[in-house]
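What follows is a predicted protein model with its sequence.
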Number of protein chains: 2
Amino acid sequence: MIKPHAFDRATQLVEMSTGHWAGSTSPDYGNMVGAFGGVVNGVLLNAVLSDARAMGDPVSLTVNFCAPVAEGEFTIRTVLQRGGKHTQHWSLELHQNDAVCATSSVVMGRRSDVFSHQPEGLPAVPTYEDSAVMTGFAPVAWINRYEFRYIDGAPELSGTAHAEPVSPRSRLWLRDAPARALDYLSLAAMSDSFLLRLLHVRGTLEPMGTVSLTTHFLATADDMAAQGEQPLLGVADSTRFHGNFHDQQVQLWSPGGKVMATGSQIVWYRQ
Amino acid sequence: MIKPHAFDRATQLVEMSTGHWAGSTSPDYGNMVGAFGGVVNGVLLNAVLSDARAMGDPVSLTVNFCAPVAEGEFTIRTVLQRGGKHTQHWSLELHQNDAVCATSSVVMGRRSDVFSHQPEGLPAVPTYEDSAVMTGFAPVAWINRYEFRYIDGAPELSGTAHAEPVSPRSRLWLRDAPARALDYLSLAAMSDSFLLRLLHVRGTLEPMGTVSLTTHFLATADDMAAQGEQPLLGVADSTRFHGNFHDQQVQLWSPGGKVMATGSQIVWYRQ
């Protein structure tokens, strides 16, 4: 019997009734406070993908993090708001002890073999094999559930802020640790696995957290099949840090040069 | 008596009871089918900003377009899902004839004078005055409610597709027509005023539509005050067109070089 991957355990749900799911957090993916947001992404998406009414593949996922998801049990309620021939719109809420911790929306879409075009190929970067694994930075459990191989823009953290702000831009190879074949759940989680850019810019671990994160899925089922357990190339950047909030954009590329997902988030910071 | 701007008329709401609003579409902002998505963005955000419970400034807005908003009356229901010291999370639905046409989430945030940094300044572009106004492309009413001055990547439309795909990237100056002082409502609308990139890439008007759009607001009240009626510099791009969907990213800059908002959307297309 093969032991399930920690990610599968962490995103597992029990269907209580139609649109009503129960789950519990996994210490494997613990964060500074509460559960790693990527797994919250994954578990919300799973509540749609596991539903008998789900049509097509995920094309969009927005998660609004209202409060930390504390260690323990939670419930998810889903509503199929509207479905057509081409798309399906879902609204979701994640609750703990009768308080909402996250709200979410998912768009599912029917994909077919129509016009296809990608203006840019894979950025010119060293291969995964030629990139060094990040070590020595694992203040929280979930960091150890991924292998991060930075190409540039690795975090340089200390107790003292950088004299001048450092670039928020990073490029890195990433994959689950141990390896796991990519699916929409892990792609959703990986889109939230980039360190918050403020940390790169300032070099100190400030009070901060993602408040809303949106992922757009460009990968189709055949892209997923071609990907398997290979790493993804991640690119992350921000345009402005101002008035307690900063933006953050990410791209996730297959080693074969397909854009698998793009994402955008807004991050709160205290000071 | 000053006649209100068409945008103010189009985003006007009547409070029926707490969290329950009524409005109607404006022919000034008509689209191919139904109302211009930017005005749907604006009117949804207005249902939060007009609420006595609203705290701080908008930091994030996601709108899921479930169905076209037909000409006529609509209602909006808002739920304040969770509020804290720093942020407030709202969920919204827009209904017409008991059917949901759009779902939405808004995050409000308390802004203060903390760490501020913007890695890049305004791109090197010709000024608004030195850029030519787009003319001759106005298949729908809302296009005439904006002045678009393309710097590069202007749409080249005909009945025949380009022999080779053209770059999805555009840079342009844009403002309301007639001019109107920028606020969060018009910034939300302008973040959805970029033509869909598929149109630039293929050169033909295909059946297509935005299914989900997220805007992150970086501008604070003092940025808004400094902006007034000046134009914004818009930058729009896409990474991949595949399997009936493409992504689209935008940035909106003040002429003074501040990033006012960034956005990301996923667009459906038929063939």
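Right, received. Where do you want to start?

residues from the stretch 151-271 of chain A in reach of chain B?
Within the stretch 151-271 of chain A, the positions near chain B by CB under 8 Å from any CB of the partner chain are A:165, A:167-169, A:198, A:201-202, A:211-212, A:214, A:216, A:218, A:220, A:238-247, A:249, A:251, A:258-259, A:262-266, A:268-271. In this view, the C-beta of every residue, glycine as well, is placed from N, C-alpha and C.

Which among those residues count as buried?
By neighbour count, with 16 or more other CB atoms under 10 Å in any protein chain shown, these hold A:165, A:168, A:198, A:201-202, A:211-212, A:214, A:216, A:218, A:220, A:238-247, A:249, A:251, A:258-259, A:262-266, A:268-269 as buried.

Among those, name the ones in helices.
A:198, A:201-202 (DSSP state H).

ok, residues contacting stretch A:92-106?
A:40, A:43-45, A:47-48, A:58, A:60-70, A:72-79, A:89-91, B:62, B:64, B:81-82, B:89, B:91, B:103, B:105, B:212 (CB atoms under 8 Å, 6 or more residues apart in numbering or on different chains).

repeat that with 7 Å
Contact with stretch A:92-106 is made by A:40, A:44-45, A:47-48, A:58, A:60-67, A:69-70, A:74-78, A:90-91, B:62, B:64, B:81-82, B:89, B:91, B:103, B:105, as judged by CB atoms under 7 Å, 6 or more residues apart in numbering or on different chains.

okay, stretch A:87-106 in PDB with CA atoms only?
The C-alpha trace of stretch A:87-106 is given here as PDB (Å, rounded to 0.1, in the frame of the first residue of the first chain):
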ATOM      1  CA  THR A  87     -18.400  28.200 -17.800                       C
ATOM      2  CA  GLN A  88     -19.600  27.500 -14.300                       C
ATOM      3  CA  HIS A  89     -19.400  30.000 -11.400                       C
ATOM      4  CA  TRP A  90     -19.000  28.900  -7.800                       C
ATOM      5  CA  SER A  91     -19.000  30.800  -4.500                       C
ATOM      6  CA  LEU A  92     -17.300  29.200  -1.400                       C
ATOM      7  CA  GLU A  93     -16.900  29.900   2.300                       C
ATOM      8  CA  LEU A  94     -14.600  28.200   4.700                       C
ATOM      9  CA  HIS A  95     -15.700  28.300   8.300                       C
ATOM     10  CA  GLN A  96     -14.200  27.400  11.700                       C
ATOM     11  CA  ASN A  97     -16.400  27.500  14.800                       C
ATOM     12  CA  ASP A  98     -19.200  29.400  13.000                       C
ATOM     13  CA  ALA A  99     -16.800  32.200  11.900                       C
ATOM     14  CA  VAL A 100     -15.800  32.600   8.200                       C
ATOM     15  CA  CYS A 101     -12.000  32.300   7.700                       C
ATOM     16  CA  ALA A 102     -12.000  32.500   3.900                       C
ATOM     17  CA  THR A 103     -14.300  33.300   1.000                       C
ATOM     18  CA  SER A 104     -13.600  32.200  -2.500                       C
ATOM     19  CA  SER A 105     -14.900  32.000  -6.000                       C
ATOM     20  CA  VAL A 106     -14.100  29.400  -8.600                       C
END
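
As a check, name the ranges of all helices in the stretch 1-150 of chain A.
Ranges of helices within the stretch 1-150 of chain A are A:6-10, A:37-49, based on DSSP state H, counting those that start in this stretch.

Turn those helices into a markdown table, including distance to B:S116.
Shown next, in a markdown table, are the helices of the stretch 1-150 of chain A (distance: least, CB to CB, whole Å):
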| stretch | distance to B:S116 |
| --- | --- |
| helix A:6-10 | 36 |
| helix A:37-49 | 25 |
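
Of all the ones you listed, which one comes closest to chain B?
Chain B lies closest, by CB to the nearest CB, to one member of the helices of the stretch 1-150 of chain A: helix A:37-49, at 12.8 Å.

Pull the distance from the closest one to the chain's centre.
9 Å (CA atoms, centre = their mean, to the nearest Å).

Any part of it near chain B?
No - Helix A:37-49 stays clear of chain B (CB under 7 Å from any CB of the partner chain), getting no nearer than 12.8 Å.

thinking again about what came up before, can I get the helices of the stretch 1-150 of chain A in TSV with distance to A:Q227, mean neighbour count and mean pLDDT?
Below are those laid out as TSV (distance: least, CB to CB, whole Å; neighbours: other CB atoms under 10 Å in any protein chain shown; pLDDT from 0 to 100):
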stretch	distance to A:Q227	mean neighbour count	mean pLDDT
helix A:6-10	15	20	97
helix A:37-49	16	27	98
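
Compare those helices and give me the one nearest B:D130.
Closest approach to B:D130 among these (CB to CB): helix A:37-49, 44.4 Å.

Which elements pack onto that closest one?
strand A:57-65, strand A:73-83, strand A:87-96, strand A:99-109, helix A:184-190, strand A:208-217 (3 or more CB pairs under 7 Å, 6 or more residues apart in numbering or on different chains; DSSP states H and E).

List the buried residues in the third one.
Meaning strand A:87-96. Applying 16+ other CB under 10 Å to strand A:87-96 flags A:87-94, A:96 as buried.

With the second one instead?
Of the residues in strand A:73-83, those with enough neighbours to count as buried (16+ other CB under 10 Å) are A:74-76, A:78, A:80-83.

filter those residues down to the ones close to chain B.
A:81-82.

I'd say A:V211 and B:V107 touch.
Yes - here A:V211 reaches B:V107: they are 5.3 Å apart, a contact under CB atoms under 7 Å.
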